[in-house]
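**Student:** When you get a sec, could you give me coordinates for this:
(chains A and B)
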Amino acid sequence: GQQLNQSPQSMFIQEGEDVSMNCTSSSIFNTWLWYKQDPGEGPVLLIALYKAGELTSNGRLTAQFGITRKDSFLNISASIPSDVGIYFCAGHNNNDMRFGAGTRLTVKP
Amino acid sequence: EAGVVQSPRYKIIEKKQPVAFWCNPISGHNTLYWYRQNLGQGPELLIRYENEEAVDDSQLPKDRFSAERLKGVDSTLKIQPAELGDSAVYLCASSPRLAFAYEQYFGPGTRLTVT
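**Tutor:** Numbering: from 1, shown residues only, chains lettered A, B, ... in the order given. Predicted structure coming up:
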């Protein structure tokens, strides 16, 4: 099925660095979401965005809902080793939710 | 509160064999989802249940896949016969509300390898 375009595919950063990833779609979504998946586990919801232009934070994580409703980005500030994992964006409408292919984040201590 | 439980966690089978996955959602959650996650990809919805009714199975390959949620609680997803391309992680998720909610609670998944 059609998925969202998420980039970068992978990132290798040093502990303490900031990281940014984004997601684009050819379709409009009413809600943008960011999930994190640890190895051997299912995705866990980090942030939900409901309104175009909205900027929302959850601890060191900040995400924005693009003004066109076709994109979103996620920033992680001052990364720590437990930030390691795969981050997925997802776009949600009433009866549909599409996931990106994920950004694999590696944090070197 | 217990999370979504899935079993088995891993399964290796030969092609053309049948396989079944089981999911027990969070207690009280009305909506249950089955997703397939291919390597290096995000989850893709296979089927969604509201209580015991399958309300969206448009992405379920019905020639070989079947699912049931008989009493509106736990659910089983079956593949018969399995093909090499079915190798993936099968995720179950649940949400407390009816309708397609974005706030879903995922289980750990069953990793299927078809040889």
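
**Student:** what does chain B put close to chain A?
**Tutor:** Along chain B, the residues adjacent to chain A under the rule C-beta under 8 Å from any C-beta of the partner chain are B:4, B:9, B:40-45, B:56, B:59, B:91, B:93, B:99-100, B:102-104, B:106-109. In this view, the C-beta of every residue, glycine as well, is placed from N, C-alpha and C.

**Student:** If any of these are buried, put those into a ChimeraX selection.
**Tutor:** When burial is assessed using 16 or more other C-beta atoms under 10 Å in any protein chain shown, the buried subset of those is captured in ChimeraX by this command:
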select /B:4,41,42,43,44,45,56,91,93,100,102,104,106,107,108,109
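
**Student:** would you say residue B:85 is within a helix?
**Tutor:** Yes. According to DSSP: H, G, I helix; E, B strand; the rest coil, residue B:85 belongs to a helix.

**Student:** Tell me how far the spatially most central residue of chain B lies from residue B:27.
**Tutor:** Nearest to the geometric centre of chain B sits residue B:34, at 3.0 Å (C-alpha atoms, centre = their mean). For residue B:34, the distance to residue B:27 under the criterion C-beta to C-beta, to the nearest Å works out to 19 Å.

**Student:** now residue A:12
**Tutor:** Applying C-beta to C-beta, the value for residue A:12 to residue B:27 is 41 Å.

**Student:** surely the residue nearest to the centre of chain B meets residue B:94?
**Tutor:** No. Counting by C-beta atoms under 8 Å, no contact exists between residue B:34 and residue B:94, whose distance comes to 10.6 Å.

**Student:** what's the burial count for the residue lying closest to residue A:18 once chain neighbours are set aside?
**Tutor:** What sits nearest to residue A:18 in space, not counting adjacent residues and going by C-beta to C-beta, 6 or more residues apart in numbering or on different chains, is residue A:77, at 4.9 Å. Here the neighbour count serves as a burial measure; for residue A:77 (other C-beta atoms under 10 Å in any protein chain shown) it reads 14.

**Student:** Hmm, residue A:77 is touching residue A:57, no?
**Tutor:** No. With contact defined as C-beta under 8 Å, residue A:77 and residue A:57 do not form a contacting pair (9.5 Å).

**Student:** So what does residue 54 look like in phi/psi?
**Tutor:** No chain specified, so I'll use chain A. Dihedral angles phi and psi of residue A:54 (degrees, to the nearest 10) take the values phi -60, psi 140.

**Student:** Could you count how many residues lie near it?
**Tutor:** 15.

**Student:** Now it. Nearest residue, chain neighbours left out?
**Tutor:** The spatial neighbour of residue A:54 that comes closest, neighbours along the chain excluded (C-beta to C-beta, 6+ apart), is residue A:65 at 4.5 Å.

**Student:** What score does the one you found have for pLDDT?
**Tutor:** Among the per-residue scores, residue A:65 holds a pLDDT of 96.

**Student:** Contacts only, for it.
**Tutor:** A:32, A:49, A:50, A:51, A:52, A:53, A:54, A:55, A:72 (C-beta atoms under 8 Å, 6 or more residues apart in numbering or on different chains).

**Student:** among the residues you listed, which are in strands?
**Tutor:** A:32, A:49, A:55, A:72 (DSSP state E).

**Student:** which ones are touching residue 101?
**Tutor:** In the absence of a named chain, chain A is used. By C-beta under 8 Å, 6+ apart, the contact list for residue A:101 reads A:3, A:4, A:6, A:9, A:88, B:40, B:41, B:42.

**Student:** Let me rephrase: I mean chain B.
**Tutor:** If a contact means C-beta under 8 Å, 6+ apart, then residue B:101 has B:31, B:95 as its contacts.
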